[in-house]
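Let me see the structure of the following:
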Amino acid sequence: MPEFSRRRFLTIFAAAGTFSTVPFASQAQHPVRTWKGIAMGSAASISLSHPNADEVLSRATRELERLENIFSLYRKDSTLAQLNRNGVIDAPPFEFLECLGVCGTINRASGGLFDPTVQSLWDLYAQNYSQGRPPKDALIRETLSRTGWDKVVINQSRVSYKKPNMAMTLNGIAQGYVADRIAMMLRHNGLNNVLINTGEFAAIGGHPDGQDWHISIDTGLGIRKEKVFLRDDALATSSPNGTFFDQAGLVGHILDPRTGRPAPARRETVSVTAPKAAVADGLSTAICLMNKTKAEKLLEQFQGAKMV
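Numbering: from 1, shown residues only. Next up, the predicted model:
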């Protein structure tokens, strides 16, 4: 699924590519400053209160750029793009390996429903529907034979695919992982009361005015919205029908790695909170392919994870 395809009906600030002072009624000594731009193909923002806010935000955005050069599906020189192009990447960055480790954990916990190796299937659907027709069953079966997390070989010095023409997307987890990395960097620099939005949200503490961070989510059910309150927590949302392969809006973009078919149509979004945004991101993706009972069993395996 492309980087923009899961972007999702989250509202918290507007505009892009700027620094601004947000007019909150804050009791903090310093006003809340917000950077707004684009990261991982999604509208992004970082809000904080600090005497050297511009310097801190500049450092954070440089780190965002560095991480995007690891995880982007479409930057030709990114670590992920090189792996997909060559079937192997030597000396992968630590962050790439760490994110793949989280992928493996969620893949096992979900019984394989979370599987980043569906990218070749996604390409098959996109190419066929761009010509106005669904892919043939034989092509789906052949492409499905080139997917599966068990076909990815991971060690500290190399990541490789066991079969040719495999491809991976980390769009179901990388936005959350990047939010976690920015949060970790800011924590280590002594910051508190920060909200990071990379398409998924990570909160360090609460708002500087003493309240929680407030985030509104479009549920996908008409005009109804849910408000989520974050404090030292993370939030991720997936929309099964946020993007469609077909013009009629019947074939959603989240694919079932067991069958190679799109997830059953559903209107509502899936939102998960967890201590780590990467975990919330991966879980929200997997739950799009589950009923409520299976989703609850999955969440039980991850401490602090809850469906909103």
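
Mind giving me the packing neighbours of the strand or helix carrying residue 80?
Here residue 80, judged by DSSP states H and E, is contained in helix 79-86. Judged by 3 or more CB pairs under 8 Å, 6 or more residues apart in numbering; DSSP states H and E, helix 79-86 is in contact with helix 53-71, strand 88-90, strand 158-161. For every residue, glycine as well, the C-beta is placed using N, CA and C.

In the second one, which residues are buried?
This points to strand 88-90. Judged by neighbour count using 16 or more other CB atoms under 10 Å, the buried positions of strand 88-90 are residue 89.

beta partners for residue 38?
residue 43 (DSSP bridges).

again with residue 215
Beta-bridge pairing for residue 215 (DSSP bridges): residue 228.

so what pLDDT did it get?
The model reports residue 215 with a pLDDT of 93.

what's near enough to touch residue 285?
6, 114, 172, 173, 238, 254 (CB atoms under 8 Å, 6 or more residues apart in numbering).

change it to 10 Å
1, 6, 106, 110, 113-116, 171-173, 176, 236, 238, 240, 254, 263, 270, 272 (CB atoms under 10 Å, 6 or more residues apart in numbering).

Can you pull the phi and psi angles for it?
Main-chain torsions, residue 285, degrees, to the nearest 10: phi -70, psi -50.

Check the contacts of residue 285 for burial and list the buried ones.
Going by neighbour count (16+ other CB under 10 Å), the contacts of residue 285 have 1, 6, 106, 110, 113-116, 171-173, 176, 236, 238, 240, 254, 263, 270, 272 buried.

low-scoring pLDDT stretches of this protein, where are they?
1-29, 219-225, 241, 265-267 (pLDDT under 70).

Do a quick rundown of the strands in it.
10-11, 18-21, 33-39, 42-48, 88-90, 152-155, 158-161, 194-197, 201-204, 213-218, 225-230, 234-238, 270-274, 306-307 (DSSP state E).

before we move on, back to that, could the helices and strands packed on helix 79-86 go into a markdown table alongside distance to residue 136?
As requested, the helices and strands packed on helix 79-86 are exported to a markdown table (distance: least, CB to CB, whole Å):
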| stretch | distance to residue 136 |
| --- | --- |
| helix 53-71 | 32 |
| strand 88-90 | 30 |
| strand 158-161 | 24 |
